[in-house]
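Trainee: quick one, structure for this:
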Amino acid sequence: MEITSRLSEGVALVSVVGRVDSAVARDWELGLVAAVSEGGGRIVLDCGELSYMSSAGLRGLLVASKKADAEGGQIAVCRVSDRILEILEVSGFVLFLKVFDTVEEACSALGN
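Mentor: Presented below is the predicted three-dimensional model:
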C-alpha cells in the first residue's frame, strides 16, 4: 500500500494505491488521521488505485471518519471500483461517507 496526501484549498486530498489489509492497517489509519488534521476535518479519498480493503482497512477509515466528524468535517471517497463500493455498501459505510465519481465532484461537495 502507498498513501499520499496533499492539501488543496483547505481539503486534504489523499490517494491510496494497492491493498489495505491487516499488514498495513496501522500505517493506513495513521495516514488518514494525519490527513484529517491537515485538512481541518475535510478529506477527499481517491480510491482509483485501491485494489482491496479488508475489515482492518475499514476500521482505519471508521476511526478517521469519527475524527473528521468531531472536527466538523467529513470524508468523501471518489473513483471507487465496483468491488470496493460493494465492500462499503455491505459494511454500511455509504451511510456516513459521501461517494463521488471524480475528485473534482468530491472536492466541490466538501466546499471547495
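Trainee: beta partners for residue 3?
Mentor: In this structure, residue 3 bridges to residue 16 when assessed by DSSP bridges.
Trainee: shouldn't it be in contact with residue 15?
Mentor: Yes - applying Cβ atoms under 8 Å, one finds residue 3 in contact with residue 15, separated by 7.2 Å. The C-beta positions use only the backbone N, C-alpha and C, and glycine is treated the same way.
Trainee: show me which strand runs longest in this structure.
Mentor: For the chain, the strand with the greatest residue count under DSSP state E is strand 42-53.
Trainee: can you get me a residue count around residue 81?
Mentor: Counted with other Cβ atoms under 10 Å, the burial measure for residue 81 works out to 14 neighbours.
Trainee: quick one, strands of the protein?
Mentor: When secondary structure is read from DSSP E, the chain shows strands at 2-8, 11-20, 42-53, 74-78, 98-100.
Trainee: which helix runs longest in this structure?
Mentor: Looking across the chain with DSSP state H, the single longest helix is helix 55-70.
Trainee: chain center to it, what's the gap?
Mentor: Taking the mean C-alpha point of helix 55-70 and that of its whole chain, the gap between them comes to 8 Å (Cα atoms, centre = their mean, to the nearest Å).
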